[in-house]
Every structure is written in C-alpha cells, then in structure tokens.
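A.B. asks: no sequence on this one, just coordinates:
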C-alpha cells in the first residue's frame, strides 16, 4: 500500500514546490518585503500555513546562491537554540570562542557568500514557555544583529493571538512592526484550486469524479462556513486518500460518496486520534495510559510543547525506561509525535494538542468487588468512625466516594489531594470505609492518623528535627510502608488524616517547616507516590504555610459537606435492614432525622449513629 502523498500535519518544505498551490500573492508580497527590511514578522491563526509559506513559498523564490536558511525553534531556550544552530552551520570551524552572535553570522556569510535567512518558527513558544530573562536576552541579540547591518534577514513566524506580547520587544526594536504579513485562512476560490491541482498531480495517481468534488471537500473541512485552514485541508485529504486505498488500492477514486463516508473535519481529527489509540491499546498498552502519557506534550494553554525523554521518565516512572521507549517509537511512527534535537519530542501540530486537551481519558473504574470481612452484628459505630472492615455497611456516600476516587486516581496532573470539612461530617469514615478498600485493590495504600502515637514514632521525630537528605528515600515513605517491599515504579498512595493535630501539638514553626519539607521531598522524588491530606475546616488557613513548600497543595481538593436528608434516609434504611430492625413507616424515619438534626437543620452523623445504636440496643 502506497504512503499518502499529503502533508497531513507537516509543513511544506522547499522540495514540495510542485505541490504547493494557492499562495502566490502572499509569497510575492513576502518576497518584496524581504528586499525592504532585515526584519520580517509573519503571523496568523494556527493552521493557516505560515511555516509552509516561508519554508516552501519564499524559499523557492530565491536561487540557491541567494538563500542560506537557518531554521530555529525555541526548544529549551531560544538563545541557546540560536547559538546551537549557528554552530551547526560552521562547517569551516571559523568561529572563535569569544565571538558574539553578530560575529558568528558575519563569519557564516564570509564562508558561504549567501544572504542568511534566520527563521524563528513558532515564535509564540518564547511567551508560552520562556522566562522574562530569556525574552530580554533574545531582544538584545536581535537588536545587535540589526544594528550590525549584516546581509542577514530575520523572520519571526508566530500565532497572532500572541502579538500583544511583542510590546516589550518593540521598545528595544522600534521597527518590529514596520514590515509584517498576516497570513489569512485561504479563501474558497484558492482552496478549490489547491484541491484540484493537488488531486490532478500526475504522480499521485488519483482519479476524481468531477471538479465539484472540491466544493464537497471544502464544505466538510469548513463545516459550510468560513475560510479554509490549510492544516485541516491536508488532514482531510490524507484521510480521503487512505479510505480510497481501502476501497481500491489499484485505482484511487475521489467522489462524493467518499467525502460523505469520511465525514466532517472534527470527525476526521477525532477518528485519527481514536484510530491510533485503538492500535496502541492492541499493540502497546492501555488507551488510558497512552492518553495520559501524550498529555504531557500539551501546555496549559492547550498548545504543543517540546518534552525531553528524561522528563517523561520522571513524570511517569511507573512505566520504566523500556516501555517509555516503546511509547515514543509508536507515536513517532504514527505521525502523532515528531523528534527534535537534544532528545526532545513534540506533538506534530497544535491541532493535535487541542484535540488531546479536549479528550477525556476513560479512567480507572471504581472497583465494585471489595474484600470480604466478618461484619459485626451491631452495624452502628457510635462515636467511632467506620473502618475498612465495615465497608459493606458504609452507605449513603456513593457520590462522594466516586468523586474522591477520581480526583486521586484519574486526575493525575497533581499528586496531592486535600480533603476537608467541618467536624462531624464523617471525613475519616469516608476515607477508611469508602476510599481505602477501593484503593487497596489497585495500589499500595497506607493510612496514617496524626496522633500522639505518631508523634512518638522515631521516624516522625526525625522529620520534625531535620531537613530531608536530598537523595535518600523519603521518610514519609519509610513511615507509611515500613517492612513492606516496594518497587520504585509502582504507584503508592499515602493518606494523612486529622492533619489538624499536627498544628495543635507542634507549636514550633521550625519543626513544622521541617515536616513540610519532607512532604515536598516525597512529592519531588521519583517514587510515584500520591499524597492525600485530611483536615478540619477551621484549620484550613494553616495550609498557607505548607503551600509555600508544596505550591499545588490547594489545587486538587474536595470539601466533605453535611449529609442531606436523602442520604441520611438511605443510611437509616440500609443499616437498619442489616441489623434486622423494621421501620414501621416513613414517619418514623422523619422523626429520627428530626431528632439528630442540629439547630440549623443539618444532620449530625455522630448523633445519628448514637441514636440508631440506642434504638438497636433497646
């Protein structure tokens, strides 16, 4: 089966001149601008073909003797990338150690005697991922290059929504906006021509039913409105080609029924990702893990960002190095990732990042089958919380159990979860009887209650008196899983309950700070460990100090609220049934609820347990 000739999410390069159509006006305008200035700004929406316009369109306007291209992406730092790319071009090894950037460029011109075109592609990454220091240093470098008046053209290519970030650049480079080109989405007429000329390219071997097929394609790519994004057009044509191959590999035929079968562009992008994840699930690992892994390549602004191999290994240590390499190879081969220099990888296009950001992972299901324990005859716990052995008697909290389970197990961007609420709402019972039996089925799980017994433990005393040793096993891990064999990559969960006791009994701030640093050490280690902290409402403000050590401690949280009457009714009915107690009618349940409600009408679970226990004993 022949490989698709369409670019999919890749940009056109200089060798694609014979199949790059529909941008003649913009190419000519950019070409004329290049003689009028040494600084060009090319911008537009994502998917308009900005990179292709420069790499293929502009590059092919020049003879080889007039074009020396240096293509620069930010990677980890725009300034370091610029120097690195210049050194790669120094085949004559003419650079001296103290050379400035301007001297390097001048040296390259003397070696090759060709005008140098420095193309900073996807320049918005400097603002999405870069620091102010990085931006300031780059601005000074560009300013010095322009002042040197070298035979060097600087072309910045970026998405238009980040133009406002250039205001600080303009203060140092006043001519920044003098010569700029906005790349518009392609109009229908030019898009029609692109489609027909591409499909009629003889070497592709594609037959079309009639020229009206172009209009059908445009309607499906634009959903009937607006202009055409070239990225999506290429993705759509690629899908048409592959489906046509499946129909008849010997004669590729594009007609209206083919376009109808492929569907709209959203269907194509979603289907492509789903297709690859289905193959991934068959050949490599679960869909859930594949999506979780890929989302590390998506920035907070839902754009693609480069990631180093070792960063992936640190983010998901449970996979191990061999499986990480298998993931990389699969997604590179499937045109979802592309390799960069310095062992970095990135998604093929921002449109893929957006689709990934919008794709909800199925997640690990809440276990239904729980360990079996001998249940007590009296199911009412009075003042005590429910334990994991009483999980089958813990009723009325199904929604909260599911919500908390998903926050801890499936929302994996943050490794901490904060559980809080007022006294008497059943936080400890929710953890011990609702959560722990379900976590233990899946992961190594440890429950630690802050108590006088804990404070007397030698390991805990060590945490209060000393900062963690950088490369040592985290002391919280030792405390939680003493005498338990652990694998570094396996997922572990530590629950610290009644955290308010720490603030009550440890009065010296320095000791608290030591303890906080041990929390920080645990989360920053590559031990694949999640941390759940449980605290009473009135001590919430104390967490501000902890937040300075664990900055994201407050981001993933769940407040356990006072139980409503519907849930309390469920508890009364189900636990009474287990205890063999019959309720005469609904009025009896209503009377019980009235008797265990506080002045504001809220139901106190402790009162309910005491009241039901008294009824049972009577």
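C.D. replies: Structure's in. What do you need? This is a predicted model, so every value here is computed, not measured.
A.B. asks: alpha carbons only for contacts and neighbour counts from here, please
C.D. replies: Noted.
A.B. asks: measure the most centrally placed residue in the chain to residue 29 for me?
C.D. replies: Geometric centre of the chain, nearest residue: residue 295, 3.7 Å, by Cα atoms, centre = their mean. The gap separating residue 295 from residue 29 is 39 Å, by Cα to Cα, to the nearest Å.
A.B. asks: likewise residue 400?
C.D. replies: For residue 400, the distance to residue 29 - Cα to Cα - is 61 Å.
A.B. asks: Those two: which has the busier surroundings?
C.D. replies: Using other Cα atoms under 10 Å, the more surrounded residue of residue 400 and residue 29 is residue 400, with 17 against 13.
A.B. asks: what about the more buried one, which SS state?
C.D. replies: Assigned with DSSP: H, G, I helix; E, B strand; the rest coil, residue 400 falls in the helix class.
A.B. asks: quick one: contacts for it?
C.D. replies: Residue 400 sits next to residue 560 when contact means Cα atoms under 8 Å, 6 or more residues apart in numbering.
A.B. asks: Return the residues in contact with residue 422.
C.D. replies: Contacts for residue 422 (Cα under 8 Å, 6+ apart) come out as 536-538, 560-562.
A.B. asks: switch to 7 Å and redo it
C.D. replies: Taking Cα atoms under 7 Å, 6 or more residues apart in numbering, we find residue 422 in contact with 536-537.
A.B. asks: now do the one 5 residues further on
C.D. replies: For residue 427, the contacting residues are residue 560, by Cα under 7 Å, 6+ apart.
A.B. asks: What spatial separation is found between residue 5 and residue 205?
C.D. replies: Look at residue 5 and residue 205: by Cα to Cα, they are 10 Å apart.
A.B. asks: sorry, back to before: give me phi/psi at the nearest residue to the residue nearest to the centre of the chain once chain neighbours are set aside?
C.D. replies: Counting by Cα to Cα, 6 or more residues apart in numbering, residue 295 lies nearest to residue 356, which is 6.5 Å off, once chain neighbours are set aside. Dihedral pair for residue 356: phi -60, psi -40, per degrees, to the nearest 10.
A.B. asks: so where does residue 408 fall, helix or strand?
C.D. replies: Using DSSP states H and E, residue 408 falls within helix 398-409.
A.B. asks: Any regions of the chain where pLDDT drops low?
C.D. replies: 1-3, 223-226, 360-363, 412-413, 584, 599-601 (pLDDT under 70).
A.B. asks: Tell me how far the residue nearest to the centre of the chain lies from residue 126.
C.D. replies: Counting by Cα to Cα - residue 295 and residue 126 are separated by 20 Å.
A.B. asks: And for residue 490?
C.D. replies: Separation of residue 490 from residue 126 (Cα to Cα): 36 Å.
A.B. asks: again, but for residue 147
C.D. replies: Remark: distance between residue 147 and residue 126 (Cα to Cα) = 22 Å.
A.B. asks: Between the two, which has more neighbouring residues?
C.D. replies: Comparing residue 147 with residue 126 by other Cα under 10 Å, the one with more neighbours is residue 126, at 22 against 10.
A.B. asks: For the more buried one, which residues are in contact?
C.D. replies: Counting by Cα under 7 Å, 6+ apart, residue 126 makes contact with 74, 78, 135.
A.B. asks: so what's the last one up against?
C.D. replies: In this case it means residue 135. The contact partners of residue 135, by Cα under 7 Å, 6+ apart, come to residue 126.
A.B. asks: That one sits in which helix or strand?
C.D. replies: helix 132-147.
A.B. asks: now the helix or strand following that helix, how far from the centre of its chain.
C.D. replies: Per DSSP H and E, the first helix or strand lying C-terminal to helix 132-147 is strand 152-159. Its chain's C-alpha centre and that of strand 152-159 lie 28 Å apart, by Cα atoms, centre = their mean, to the nearest Å.
A.B. asks: Tell me which strands strand 152-159 pairs with, and in which orientation.
C.D. replies: Note on strand 152-159: by DSSP bridges, its sheet partners are strand 39-44 (parallel), strand 116-120 (parallel).
A.B. asks: Just put these in a markdown table and tack on mean neighbour count and distance to residue 481.
C.D. replies: Shown next, in a markdown table, are the strands paired with strand 152-159 (neighbours: other Cα atoms under 10 Å; distance: least, Cα to Cα, whole Å):
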| stretch | mean neighbour count | distance to residue 481 |
| --- | --- | --- |
| strand 39-44 | 22 | 54 |
| strand 116-120 | 21 | 51 |
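A.B. asks: and those as a markdown table, adding distance to residue 277?
C.D. replies: Below are these laid out as a markdown table (distance: least, Cα to Cα, whole Å):
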| stretch | distance to residue 277 |
| --- | --- |
| strand 39-44 | 31 |
| strand 116-120 | 33 |
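A.B. asks: how about the ones you listed, which one is nearest residue 483?
C.D. replies: Shortest distance between residue 483 and those, using Cα to Cα, is found for strand 116-120: 55.3 Å.
A.B. asks: buried stuff in the helix or strand following that closest one?
C.D. replies: Following strand 116-120 in sequence order, the next helix or strand is helix 125-128 (DSSP H and E). Residues 125-126 are the ones in helix 125-128 that count as buried (16 or more other Cα atoms under 10 Å).
A.B. asks: Tell me how far helix 125-128 lies from the chain's centre.
C.D. replies: With Cα atoms, centre = their mean, you get 16 Å for helix 125-128.
A.B. asks: do stretch 428-439 as well
C.D. replies: Distance of stretch 428-439 from its chain centroid, counting by Cα atoms, centre = their mean, is 29 Å.
A.B. asks: can you check stretch 610-618 too?
C.D. replies: Relative to its parent chain, stretch 610-618 has a centroid offset of 51 Å by Cα atoms, centre = their mean.
A.B. asks: Please renumber the chain so that the first residue is 129 from this point on.
C.D. replies: Right, with 129 as the first residue, what we last looked at is stretch 738-746.
A.B. asks: List the buried residues for that stretch?
C.D. replies: Using 16+ other Cα under 10 Å as the test for burial, stretch 738-746 gives 738-741.
A.B. asks: Just put those in CSV and tack on secondary structure and distance to residue 732.
C.D. replies: Output for the buried residues of stretch 738-746, formatted as CSV (DSSP: H, G, I helix; E, B strand; the rest coil; distance: Cα to Cα, whole Å):
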residue, secondary structure, distance to residue 732
738, helix, 10
739, helix, 11
740, helix, 12
741, helix, 14
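A.B. asks: quick check, nearest of the residues you listed to residue 523?
C.D. replies: residue 740 (14.2 Å).
A.B. asks: how close does the closest residue to that closest one other than its chain neighbours sit to residue 733?
C.D. replies: For residue 740, ignoring the flanking residues on the chain, the nearest one in space by Cα to Cα, 6+ apart is residue 508 at 6.8 Å. Taking Cα to Cα as the measure, residue 508 falls 11 Å from residue 733.
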